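Undergrad: Build me a structure from this.
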Amino acid sequence: MNMKTRITLILVVLGMALLAWLTGENRALKQLNTELREANAVVVDDYFDLQVEYERLFDECLSKK
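TA: Coordinates of the predicted model:
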């Protein structure tokens with residue numbers, strides 16, 4: 001095998017390894033993104049629930065004066 005063929009073979013193997021690694025990394029990041037979107041939805045729901053509770057308690061405080 002000549003030097004050019006060896007270098008090409010090494011680059012192909014490294015490229016395939018990089019492709020496999022990046023594919024795994026992409027899947028992990030997609031999973032993390034999904035988890036963060038779900039967590040964000042819970043936080044937004046909690047925020048609106050707290051806002052309604054605050055308004056209820058504020059109205060109750062005003063009505064007791």
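Undergrad: all helices for this structure, in order.
TA: Counting by DSSP state H, the chain has helices at residues 3-63.
Undergrad: pLDDT value on the most centrally placed residue in it, please?
TA: Closest residue to the average C-alpha location of the chain: residue 33 at 1.9 Å, with C-alpha atoms, centre = their mean. Reported pLDDT at residue 33 in the predicted model: 98.
Undergrad: I'd like the distance between it and residue 39.
TA: 11 Å (C-beta to C-beta, to the nearest Å). C-beta here means a position set from N, CA and C on the backbone, and glycine is covered the same way.
Undergrad: Where does pLDDT dip in the protein?
TA: Within the chain, the ranges that satisfy pLDDT under 70 run 65.
Undergrad: Swap in 90 and give it another go.
TA: The chain contains residues with pLDDT under 90 at 1, 64-65.
Undergrad: if I look at the residue nearest to the centre of the chain, how far off is residue 8?
TA: Taken as C-beta to C-beta, the span from residue 33 to residue 8 is 37 Å.
Undergrad: So what touches stretch 5-21?
TA: By C-beta atoms under 8 Å, 6 or more residues apart in numbering, the residues outside stretch 5-21 that reach it are residue 1.
Undergrad: Quick check: chain neighbours aside, which residue is closest to residue 1?
TA: Spatial nearest neighbour of residue 1, excluding adjacent residues (C-beta to C-beta, 6 or more residues apart in numbering): residue 9 at 7.9 Å.
Undergrad: Can you tell me how far that neighbour is from residue 19?
TA: According to C-beta to C-beta, residue 9 and residue 19 sit 16 Å apart.
Undergrad: what does residue 25 give?
TA: 11 Å.
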